[in-house]
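Novice: Sequence and predicted model, in that order:
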Amino acid sequence: MNVVSIIRGGSFASALIIFTLLQTVIPSRKFEKGRWKYSLSNLLLVGFNNLFLGLLPIIPYQMAVTAENKSWGLLNIFEIPLVVSIILGILILDVTIYFQHRLFHQVHFLWRLHSMHHVDPMLDTSSGLRFHPLEIIISNFIKVTIILIIGISPLTVIIFEIALNVLSMFNHSNIKIHQNIENVLNKLLITPAIHTIHHSKIFTETNSNYGFSVPWWDMLFKTFTLQGKYPQEKINIGIPNMPETKYQRFPYMLIQPFLKGK
């Protein structure tokens, strides 16, 4: 196991444990009976996805190394200070994920894949890891393309991938944040309260708050919703036509996007 894998694995495990403990101690919404079955399904999906993605010949970090070694991409052509290069790379990757997320909501086939993420009926930390393997593959190649065009460094990719993973677990968690802290934090980060609105069954709310890290892209591109129709504890999470329970959990969740009429 190399250093990169250790760092990514350590950050993943630490965030998962910390956010899970926090949402247990200070939950925003009361956990429904049997929620553990969904959380377990989400974690089993993570294991499945890691095995599945291990077969991919091209991944963002490897492509960043190749781009750096061969001086491919804009940032590798011009002499730019390391710190500036890292900041630019993170911002470019982050806005890419924002538009990718919008794309997965607006293109019918992509939405069917992404809907597996939205049919989780109650959010918790594990929900931030619940993505269909085909969606992850598409996202993988979008990121690889941007990395090669821009010339984003391996270090930047590591920082971004860790941040994306940790913040996704954070903003999907069921942690209740004091309103005074929330009022400041949601100007800097996508908080659980902000992202829960995105998981509402109300169409206009689902099609808002696409960011996974900062709210700035939503604010800039007019997709930000600070307050939904209902308070946090009464937001109806899911999609309008929820599939039967077995298709909400592993392994049947993998075929849920292909169910007729869903």
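Specialist: Arrived safely.
Novice: going forward, measure contacts between C-alpha atoms and count neighbours the same way
Specialist: Fine.
Novice: mind checking pLDDT for the residue nearest the centre of the chain?
Specialist: In the chain, the residue lying closest to the centroid (C-alpha atoms, centre = their mean) is Ser168, at 4.4 Å. Per-residue confidence (pLDDT) for Ser168: 98.
Novice: Return the residues in contact with it.
Specialist: Residues in contact with Ser168 (C-alpha atoms under 8 Å, 6 or more residues apart in numbering) are Gly128, Leu129, Phe212, Ser213.
Novice: again, 7 Å this time
Specialist: For Ser168, the contacting residues are Gly128, Phe212, by C-alpha atoms under 7 Å, 6 or more residues apart in numbering.
Novice: Tell me how far it lies from Gly211.
Specialist: For Ser168, the distance to Gly211 (C-alpha to C-alpha, to the nearest Å) stands at 10 Å.
Novice: List the contacts of Leu43.
Specialist: Ser126.
Novice: could we number from 8 for the rest of this?
Specialist: Okay, using 8 as the starting number, the last item reads as Leu50.
Novice: picking up where we left off before, secondary structure element for the residue nearest to the centre of the chain?
Specialist: Assigned by DSSP states H and E, Ser175 belongs to helix 161-179.
Novice: Sort out which residues of that helix are buried, please.
Specialist: Going by neighbour count (16 or more other C-alpha atoms under 10 Å), the buried part of helix 161-179 is 161, 163-165, 167-179.
Novice: can you check stretch 249-261 too?
Specialist: Met249, Pro250, Tyr254, Gln255, Arg256, Phe257, Met260, Leu261.
Novice: Same check on stretch 205-220?
Specialist: 205-209, 212-220.
Novice: how far is that stretch from where the chain is centred?
Specialist: Distance of stretch 205-220 from its chain centroid, counting by C-alpha atoms, centre = their mean, to the nearest Å, is 13 Å.
Novice: try stretch 127-142
Specialist: The chain centroid and the centroid of stretch 127-142 are separated by 8 Å, computed with C-alpha atoms, centre = their mean.
Novice: same deal with stretch 207-222?
Specialist: Distance of stretch 207-222 from its chain centroid, counting by C-alpha atoms, centre = their mean, is 12 Å.
Novice: first to last residue in that stretch, what's the distance?
Specialist: 18 Å.
Novice: mean confidence score for it?
Specialist: Averaging pLDDT along stretch 207-222 gives 97.
Novice: Count the neighbours of Arg15 for me.
Specialist: By other C-alpha atoms under 10 Å, the residues close to Arg15 number 18.
Novice: Look up how far Thr203 lies from the closest residue to it other than its chain neighbours.
Specialist: Nearest non-adjacent residue to Arg15, counting by C-alpha to C-alpha, 6 or more residues apart in numbering: Ile169, 6.1 Å away. Going from Ile169 to Thr203 by C-alpha to C-alpha gives 22 Å.
Novice: what's the residue nearest to Asp225 when sequence neighbours are not counted in contact with, if anything?
Specialist: Spatial nearest neighbour of Asp225, chain neighbours left out: Phe231 (4.6 Å); criterion: C-alpha to C-alpha, 6+ apart. Shown in contact with Phe231 (C-alpha under 7 Å, 6+ apart): Ser215, Asn216, Asp225.
Novice: ok, and for stretch 35-53, which residues are buried?
Specialist: Using 16+ other C-alpha under 10 Å as the test for burial, stretch 35-53 gives Ser35, Arg36, Tyr45, Ser46, Ser48, Asn49, Leu50, Leu51, Leu52, Val53.
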